[in-house]
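**Q** Model the following, please.
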Amino acid sequence: MSGPGANLVYANSRNRALAKGKQRTQGTMGLDEKTLATIVRRGVAEIIPQDEFVRELQSGRKLRLKQGFDPTRPDLHLGHVVGLRKLRQLQALGHHVVVIVGDWTAQIGDPSGQSATRQMLSAEDVRANAETYMRQFFKVVDRQLTQVVWQSEWFGKFSLTDVIRLTSRFTVAQILQRDDFAKRFKENRPIAVTEMLYPLLQAYDSVMVEADVEFGGTDQRFNCLLGRELQGMMGQRPQQVFMVPILPGTDGVQKMSKSLGNYIALEEPPEDMFGKVMSLPDSLLVTYFELLTDVPDDELVRIKTDVEGQRVNPMSLKKRLGWEIVAQFHSRDAADKAQAQFERVFQKREAPEDVPTYRLPAPSAEGQLRLSRVLVDAGLAPSASEARRLIAQGAVDIDGEKLSADGPAERLRPGAVIRVGKHKFVKVVGP
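**A** Below is the predicted model:
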């Protein structure tokens, strides 16, 4: 398949026919109630219309599940995983995922409730981000039941006439019904014409791949419904819209976002991933178990009851949650090691097994080496002033003994372990 990033397209001639909606195969009819309940209830915000979606599932027809993404940033976090897990559940029943790389819309920007529009990206940035995104995407979604297509395959051929024909199908009043547009219009804040084109282009994607179901977060509700409407206008069977909840970030307040710094990335090292889970507010435990793990529903009810009734130590549940998430994106062995390191460092107050080393410099006639200088040289502080501030705040200890003030580094001996905050360690070795 042609187009940028062709190495990402796992499609042979049969898949190309599928991508154009020409081949429809039969799946397993008659889902059992438990499986159906898991699909339509757990990790679901809204399905529009749900009865229509259920009929399609029960029909035995293999559905085409549309998932679009704009490669505006390279990394995925657990917030993205909520929807990807639903796709994987449906793939297990034989349904096909069609991933649309929004290499066109990535250059337009979709605020999705944000107050500022996104900057346009270069083609090189789009390709680099997409490569990284897809590598992480397939940590969750089955590569063999996924087709990848690029928007530029159809929008690259769009003429001004095509754009005018598309825009003629909708009114400005319809587009302004989108929540963030309506809010900005009411507050007299600017809305670029290019932004208003975004929902139309996303809707046209659904037409081009003949989507049966489109997946998105609740912030994409308007755009997905517009796709359903446009399909009907153009003589296609209108897609159902499958909305998943927005995952709260590690702060427990705002949605998970890299820009807010409250995220857990899929490619975080196991120890960091586990540690971030352990820092979650207790109030998020049930939500994270429900949206990000395969803990059975009956057990999920018990967890919720125990948490609400304060019959369980949240620390034990966080350890289990951390283990489940690390095992999902790394391995069971990595999860075991991450948990062991957390217990060693944060519960037993011991140093990690693989601590970086810092070699003491040879004695100098220029004067005594100060502890603040050691912290900078060892990479534990960005500057001497910041090092002194950390020491004054009691954030630095040597072999478990907190420093109270900056001073000569003469007390440092080979084998001593310096700790700054909760996560930074170095082991001193001789000159």
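**Q** Let's see the pLDDT reported for the residue nearest the centre of the chain.
**A** Centroid-nearest residue in the chain: His77, 2.4 Å away (criterion: Cα atoms, centre = their mean). At His77, the model reports a pLDDT of 93.
**Q** do the one 5 residues further on as well
**A** pLDDT, the model's per-residue confidence, is 95 for Val82.
**Q** Surely it forms part of a helix?
**A** Yes: membership of Val82 in a helix is supported by DSSP: H, G, I helix; E, B strand; the rest coil.
**Q** surely it meets Met243?
**A** No: using Cβ atoms under 8 Å, Val82 is not in contact with Met243; the gap is 10.5 Å. The C-beta positions use only the backbone N, C-alpha and C, and glycine is treated the same way.
**Q** does Val126 sit in a helix or strand, and which one?
**A** helix 123-137 (DSSP states H and E).
**Q** Return the residues in contact with the residue nearest to the centre of the chain.
**A** Residues near His77 by Cβ atoms under 8 Å, 6 or more residues apart in numbering: Met256, Lys258, Tyr263, Ile264, Ala265, Leu266.
**Q** let's go with 10 Å and repeat that
**A** Counting by Cβ atoms under 10 Å, 6 or more residues apart in numbering, His77 touches 136, 247, 249-250, 256-258, 262-268.
**Q** SS state for the residue lying closest to it once chain neighbours are set aside?
**A** Spatial nearest neighbour of His77, chain neighbours left out: Tyr263 (4.1 Å); criterion: Cβ to Cβ, 6 or more residues apart in numbering. When classified by three-state DSSP, Tyr263 comes out as coil.
**Q** residues contacting Tyr263?
**A** Residues counted as contacts of Tyr263 (Cβ under 10 Å, 6+ apart) are 75-80, 247, 249-251, 255-257, 276.
**Q** Select only the buried ones of those in PyMOL?
**A** PyMOL command restricting those to the buried ones, with burial defined by 16 or more other Cβ atoms under 10 Å:
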select buried, resi 76+77+78+79+80+247+249+250+251+255+256+276
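**Q** So which of the contacts of Tyr263 are in helices?
**A** If you go by DSSP state H, those have Leu78, Gly79, His80, Lys276 in helices.
**Q** from memory the first one sits against Thr287, does it?
**A** No: in this structure, Leu78 is not within contact of Thr287 by Cβ atoms under 10 Å, at 11.1 Å.
**Q** since we're on the residue nearest to His330 when sequence neighbours are not counted, how many residues are nearby?
**A** Nearest residue to His330 in three dimensions, chain neighbours excluded: Pro270, at 4.8 Å (Cβ to Cβ, 6+ apart). Neighbour count of Pro270, defined by other Cβ atoms under 10 Å: 22.
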